[in-house]
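Asker: Build me a structure from this.
(4 chains)
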2 protein chains.
Amino acid sequence: MQLEEGKERFIEAWGALGSSWGVTRTMAQIHALLLVSNVPKSSDDVMEELQISRGNVNTNMRMLVEWGLAYKKLIPGERKEFFVAEKDMSKVVKSIVIARKKRELEPMLRLLDELTGVDGNDAAAEDFRHVIRDLKLYSHKADSALDALVKVDSNWFFSTFLSMIK
Amino acid sequence: MQLEEGKERFIEAWGALGSSWGVTRTMAQIHALLLVSNVPKSSDDVMEELQISRGNVNTNMRMLVEWGLAYKKLIPGERKEFFVAEKDMSKVVKSIVIARKKRELEPMLRLLDELTGVDGNDAAAEDFRHVIRDLKLYSHKADSALDALVKVDSNWFFSTFLSMIK
DNA sequence: CCCCACTTTCAGTATTTACTGAAAGCTATG
DNA sequence: CATAGCTTTCAGTAAATACTGAAAGTGGGG
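Answerer: Coordinates of the predicted model:
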């Protein structure tokens, strides 16, 4: 396979994968483009290579930076902004976990807290509170586990985790 | 808060949460409805309570069953099919992990295998292969970790995992 | 073997989500 | 302090996704 074809297929696949991980298709494609590029890219470069509009590039670039999946790279003598990808996959995963935890898990925990206070002493209310309590317990565990995951070094995590389960 | 209001808010929130986990909004809402209901529900019940069409209920119900998030429950003397939710959250998470791993991670692993074979001996091709090799290594680790996760008992997992990272 | 109660399918439609492009906003430089 | 070079914003539009409802399919009971 030729290098160019390889890059294209990778960008496409990374976009598809991203879109099911809360990263939009285009955001993931820009990340992929930067990943397989050894030089920093400007908005114009990305516009041309992915055939997308300036506004789209700008919005998604800023999102990538916000999520910690790409960085601005200023090139001396250039007024344009250039970008490079975060290439350490453990950092990429951590960033995504953190962003989604905040967006999704934390609001759910808050809701579950509220819902343990529903009125009523009948069986129906008791049952409801029981389900909610179970979920809350589980969600808190998941929350702690994810917190831990993003704190530890990924090599340590994987090697220890895998040796645990062998 | 009244029980009914609590249930409604829970169904709505669970739907929103699900929709960012690859489970569609409606699918998650049906699951939530079954979760907070202690009796099995028929299609007609769900249609009425969530105000959605028969086709929609049918499609999403079958998906829930396919994913292992709900089960058919036959009630003697009834011709209708009834459904109950899987209430064990560790099973719910496992089911979702398995479904998504198959859909997403495995195709990516296959692609990465192909891409290590791109032609060329120049620096550009070497760099590309290097990025791909890194991703492959990381993806395989993630794949193994997820395989392990779905195999182990969740209480064991959490307690051991948390004690590791303390 | 046909009817009735139910389930499934799917073309059409509605809703949500993402993208475009032009205009407005910055900011370094002369 | 005016302009050129670049970035940001956002109303309008396109594309993707989910839902509806009616018609077709299925199978148990009479």
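Asker: Could you pull out the strands in chain A for me?
Answerer: Applying DSSP state E to chain A gives strands spanning A:41-42, A:70-73, A:82-85.
Asker: Relative to DNA strand D, which of these is closest?
Answerer: Nearest to DNA strand D among those is strand A:41-42; the distance by C-beta to the nearest atom of the strand comes to 6.2 Å. For glycine as for every other residue, the C-beta is placed from the backbone atoms N, C-alpha and C.
Asker: Spell out which strands sit alongside that closest one in the sheet and which way each one runs.
Answerer: Strands that pair with strand A:41-42, judged by DSSP bridges, come out as strand A:82-85 (antiparallel).
Asker: picking up where we left off before, turn the strands of chain A into a markdown table, columns for mean pLDDT and mean neighbour count.
Answerer: Shown next, in a markdown table, are the strands of chain A (pLDDT from 0 to 100; neighbours: other C-beta atoms under 10 Å in any protein chain shown):
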| stretch | mean pLDDT | mean neighbour count |
| --- | --- | --- |
| strand A:41-42 | 97 | 20 |
| strand A:70-73 | 95 | 16 |
| strand A:82-85 | 96 | 19 |
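Asker: Output those in CSV; the columns should cover distance to A:Glu48.
Answerer: Below are the strands of chain A laid out as CSV (distance: least, C-beta to C-beta, whole Å):
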stretch, distance to A:Glu48
strand A:41-42, 10
strand A:70-73, 18
strand A:82-85, 14
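Asker: Using JSON lines, please lay out those strands together with distance to DNA strand D.
Answerer: As requested, those are exported to JSON lines (distance: least, C-beta to the nearest atom of the strand, whole Å):
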{"stretch": "strand A:41-42", "distance to DNA strand D": "6"}
{"stretch": "strand A:70-73", "distance to DNA strand D": "9"}
{"stretch": "strand A:82-85", "distance to DNA strand D": "8"}
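Asker: out of those, nearest to A:Asp143?
Answerer: Nearest to A:Asp143, of all the strands of chain A, is strand A:70-73, at 27.0 Å by C-beta to C-beta.
Asker: can I get the CA coordinates of the closest one in PDB?
Answerer: Extracted in PDB, the C-alpha atoms of strand A:70-73 (Å, rounded to 0.1, in the frame of the first residue of the first chain):
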ATOM      1  CA  ALA A  70      -3.600  19.000  20.100                       C
ATOM      2  CA  TYR A  71      -1.400  22.000  20.800                       C
ATOM      3  CA  LYS A  72      -0.700  25.300  19.200                       C
ATOM      4  CA  LYS A  73       2.800  25.500  17.900                       C
END
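Asker: now the residue most central in space within chain A, nearest residue through space, not along the chain?
Answerer: Among the residues of chain A, the one closest to the centroid is A:Ile96, at 2.1 Å (C-alpha atoms, centre = their mean). With C-beta to C-beta, 6 or more residues apart in numbering or on different chains as the criterion, A:Ile96 has its nearest non-adjacent residue at 6.2 Å, and that residue is A:Trp21.
Asker: Wait, that neighbour touches A:Val97, no?
Answerer: No: taking contacts as C-beta atoms under 8 Å, A:Trp21 lies outside contact range of A:Val97: 10.1 Å.
Asker: about what we covered before: B:Leu3: which of the strands of chain A is closest?
Answerer: Nearest of the strands of chain A to B:Leu3, taken as C-beta to C-beta: strand A:70-73 at 47.3 Å.
Asker: Can you tell me how far the residue in chain A that DNA strand C sits nearest to is from B:Leu74?
Answerer: For chain A and DNA strand C, the shortest gap (C-beta to the nearest atom of the strand) falls at A:Gly55, measuring 1.9 Å. To B:Leu74, A:Gly55 is 55 Å away according to C-beta to C-beta, to the nearest Å.
Asker: Much appreciated, bye for now.
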